[in-house]
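>>> Next input, structure requested:
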Amino acid sequence: MAMIESVEALAARVPDGALVAISKEPFVPMALARALIARQARDLHVVTVPVGRLAVDALIGAGCVATVETSGVSLSEYGQAPFFSAAVKEGRVRVKDATCPAVYAAMQAGEKGAPFTPIRGVIGSDLLKHRPDWKVIQNPFEADEDPIVLLPAIQPDVAVLHVAEADRFGNLWVGGLHHVKTIAHAAKRTVATAERIVEGNLAADPAKAPNLVSDLYVEAVAEAPGGAWPMDAPGFYGIDDAAMRTYAATARSASRDEGGEGWLDVITPAQAKAAQ
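Numbering: from 1, shown residues only. All right, here's what the predicted structure looks like:
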């Protein structure tokens, strides 16, 4: 049974230097990202599954991240991720470049307990020049020349998640976001915030049970209404367009040393209440 804790207590369970998996939108774990920033987490190796958005950019801006393994980090329609872009140009973060299929495949290998997984799609790309940990071998089941790439499995130290609903046992309802299950299964530990924690056992609900991350994989949960804000949590709220635009502009100025010191204030719960 998972522990029910505060968001701050969850952040304390993510040690400095950890390999941390963060999923794409919707339900980006913004409350947990803010808590990690507040506790001044350092030297994190962040794996985006498969892309990174606001949470990853903010963590980089706060100096929490040493390495980003990703197929892309941006603010989507709000433009480039300012802190990510500046940190890459200045060499302040190490980037392990990937593709969406590669991240998913490596995470699935971690889920299955396999040491590596084969993939074809990156052959012929420049990625192989920059990923010495990806190995090209001859397909052992083919007599003719048939190169294939082996990717090392990704097994995060901690999966950092935000979900729609959890129960007091630690079961997480993720709806149709099946990649979230893969992340939790692959990780050594999972901590999660939820829009709401319900009474009863979600695993006993035939409508919810097929789309659960079982409490077997979950170490601790915190209730965090608005835990994805200013990004979206379908069924609860949409993207806060004004907050996202303000963050993009303020973070861009801060990343260029042009002011914008209040960039983090833009994505705090107090600002969320003011925007409602």
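>>> does residue 188 really touch residue 156, like I thought?
Yes. Applying Cβ atoms under 8 Å, one finds residue 188 in contact with residue 156, separated by 6.9 Å. From N, CA and C alone the C-beta is placed, and that goes for glycine too.
>>> Comparing these two, which residue is more hemmed in?
residue 156 (24 against 14; other Cβ atoms under 10 Å).
>>> Phi first, then psi, for residue 18.
With angles defined as degrees, to the nearest 10, residue 18 sits at phi -70, psi 150.
>>> which residues touch it?
Neighbouring residues of residue 18 by Cβ atoms under 8 Å, 6 or more residues apart in numbering: 44, 45, 156, 157, 158.
>>> So which of the residues you listed belong to strands?
Judged by DSSP state E, the subset of these located in strands is 44, 45, 158.
>>> Which entries within these meet the buried criterion?
With burial judged by 16 or more other Cβ atoms under 10 Å, the buried subset of the ones in strands among the contacts of residue 18 is 44, 45, 158.
>>> quick one on the thing from earlier: adding pLDDT and distance to residue 126, write the contacts of residue 18 out as TSV.
Shown next, in TSV, are the contacts of residue 18 (pLDDT from 0 to 100; distance: Cβ to Cβ, whole Å):
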residue	pLDDT	distance to residue 126
44	98	26
45	98	22
156	98	26
157	98	29
158	98	31
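>>> now the strands for the stretch 51-200 of the chain?
For the stretch 51-200 of the chain, the strands defined by DSSP state E, counting those that start in this stretch occupy 65-70, 94-97, 116-119, 135-138, 147-152, 158-167, 172-173, 189-198.
>>> list the contacts for residue 5?
Going by Cβ under 8 Å, 6+ apart, residue 5 touches 220, 221, 222.
>>> Save the residues you listed as TSV, and put in pLDDT, neighbour count and secondary structure too.
Formatted as TSV, the contacts of residue 5 follow (pLDDT from 0 to 100; neighbours: other Cβ atoms under 10 Å; DSSP: H, G, I helix; E, B strand; the rest coil):
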residue	pLDDT	neighbour count	secondary structure
220	98	19	strand
221	98	27	strand
222	98	24	strand
